[in-house]
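>>> The following comprises the amino acid sequence and a computationally predicted model.
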Amino acid sequence: RGIESISLSVAPGKTIAMVGPTGSGKSTIAQLMVRLFDPDSGCISLDGHGLAQLDRDALADNATIVFQEAFLFDDTVANNITLGADRSMDEIEWAAGLAQADSFIGELPEGYDTHVGERGTSLSGGQRQRLALARALIRRPRLLILDDATSAVDPSIEGAILDGLAELDTTVVIVAYRRSSIVLADEVIFVEDGRVSDRGTHDELYRRLPAYQGLIDAYDNGGE
């Protein structure tokens, strides 16, 4: 949906959860942050630099988004992480470890040389999501946006991923749809009708904001 009169700043190195009803504008805000498209007015900056002024390749190295549907190629695990870039095995293993993908990769027939099949069909949904995350992490971005990108990952594994990201000094924005993701964030931004209606910790918003409380309870019950 359209976004109106948004003024939003995110502190470097923090993990932010963006929460709101379906169609509230969360994903639109997330996509604007990595310049998948440009706003009609106003500007978006990364470390004080307007995104519109940044070279596309430089922006891709500094800000990246991972979506719920992880697209994988009919290639090896390693090549799906590097996308053909010149990366060392140490870098590949580092990214896979941070994405909590190293454990299942180690169990594959040929490890990092295992072919994953067309669109990664030989892997589970959670495994595909972790490979997509490793692909993003190997760039060491300053801004990482996860648009429901760990929805198929076990909550305990998701917690380990976010704990690891916290040590990187990477700013993480999670478009979140479950309590287990939201409570791990340093701050929650609540989006309604294309606007930021409130922000605070999960506990603060849950206590003072009935709309937020209702949405979280609906998530717990498998709704919304």
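Done, it's in.
>>> Does residue 105 touch residue 96 like I think?
Yes. Between residue 105 and residue 96 there is a contact at 5.9 Å, judged by CB atoms under 8 Å. Where C-beta positions appear, they are placed from N, C-alpha and C, glycine not excepted.
>>> Need the residues touching each of the two.
77, 112 (CB atoms under 8 Å, 6 or more residues apart in numbering).
>>> how about the helices in this protein?
Assigned by DSSP state H, the helices in the chain fall at 26-33, 56-62, 77-82, 89-98, 102-105, 125-137, 155-166, 179-182, 202-208, 210-220.
>>> any chance of the ones you listed in a markdown table, plus mean neighbour count, mean pLDDT and distance to residue 14?
Output for those, formatted as a markdown table (neighbours: other CB atoms under 10 Å; pLDDT from 0 to 100; distance: least, CB to CB, whole Å):
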| stretch | mean neighbour count | mean pLDDT | distance to residue 14 |
| --- | --- | --- | --- |
| helix 26-33 | 21 | 87 | 14 |
| helix 56-62 | 13 | 76 | 16 |
| helix 77-82 | 22 | 98 | 26 |
| helix 89-98 | 17 | 98 | 18 |
| helix 102-105 | 18 | 97 | 26 |
| helix 125-137 | 23 | 97 | 17 |
| helix 155-166 | 17 | 89 | 9 |
| helix 179-182 | 20 | 88 | 14 |
| helix 202-208 | 16 | 96 | 14 |
| helix 210-220 | 16 | 92 | 19 |
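>>> mind giving me a markdown table with the ones you listed and columns for distance to residue 196?
Shown next, in a markdown table, are the helices of the chain (distance: least, CB to CB, whole Å):
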| stretch | distance to residue 196 |
| --- | --- |
| helix 26-33 | 8 |
| helix 56-62 | 23 |
| helix 77-82 | 34 |
| helix 89-98 | 29 |
| helix 102-105 | 37 |
| helix 125-137 | 25 |
| helix 155-166 | 22 |
| helix 179-182 | 16 |
| helix 202-208 | 12 |
| helix 210-220 | 12 |
